[in-house]
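**Student:** My questions concern the predicted model and sequence given below.
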Amino acid sequence: MNRILALDYGEKRIGVALSDPLGIIATGHSTYVRQSLQEDLTHLAAILEEEDVEEWVIGLPLNADGSEGEMVKKAEAFADALCTFSKKPYAWADETYSSLEADEILREKYKDFKKRKSERDMIAAQIILRHFLEYGASRRRSSD
């Protein structure tokens, strides 16, 4: 079985996490600082290839009340672009409170806010992936 990659999409940074080959364990991979759309797509597509990723999942950034806001539209546009660029299928997973959960984890690890901030998106992606592996996707999309 190939690995699954998860993204915590943001306008400034994208957190990246990977599963093990059996799709059981979610591990943080990196926090990517966004450049241009083309550079972002190239960088993430390279990770998809290098890590032998079968499919990827992106966090669905719903509002606290469950409604879809502006960030959902931006994440959808980005996901569609990466899907077209990489030719790899993707799915959505609920990311509600993943950044808050990441903050809580990192608060115990680091007292310094700057150190927490540098890992927050990666840990949020790891949480998104863990939820995806445990509960499945919110909405499925494909590369077709």
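**Tutor:** Looks like it arrived, so ask away. Numbers count the residues shown, from 1 in each chain.
**Student:** what stretches of this structure score poorly on pLDDT?
**Tutor:** 1, 96-103, 106-118, 137-144 (pLDDT under 70).
**Student:** any chance you could map the strands in it?
**Tutor:** Using DSSP state E, the strands assigned to the chain run over residues 3-8, 13-19, 26-33, 53-60, 90-94.
**Student:** Near the closest residue to Val53 other than its chain neighbours, how many other residues are there?
**Tutor:** What sits nearest to Val53 in space, not counting adjacent residues and going by Cβ to Cβ, 6 or more residues apart in numbering, is Leu5, at 4.6 Å. Backbone N, C-alpha and C define where each C-beta goes, glycine included. Neighbour count of Leu5, defined by other Cβ atoms under 10 Å: 24.
**Student:** Who are the contact partners of Leu5?
**Tutor:** Residues in contact with Leu5, defined by Cβ atoms under 8 Å, 6 or more residues apart in numbering, are 16-19, 29, 47-48, 51, 53, 56-57, 129.
**Student:** Just tell me which of the strands of the chain ends up closest to Ala79.
**Tutor:** strand 53-60 (4.9 Å; Cβ to Cβ).
**Student:** For the closest one, C-alpha coordinates in CSV please.
**Tutor:** Output of strand 53-60 as CSV, limited to C-alpha atoms (Å, rounded to 0.1, in the frame of the first residue of the first chain):
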residue,chain,number,x,y,z
VAL,A,53,1.8,8.9,-2.2
GLU,A,54,-1.3,7.2,-3.6
GLU,A,55,-3.8,9.8,-2.6
TRP,A,56,-3.8,13.0,-0.5
VAL,A,57,-6.2,14.7,1.8
ILE,A,58,-6.8,18.3,2.5
GLY,A,59,-8.4,19.8,5.6
LEU,A,60,-11.8,21.3,5.0
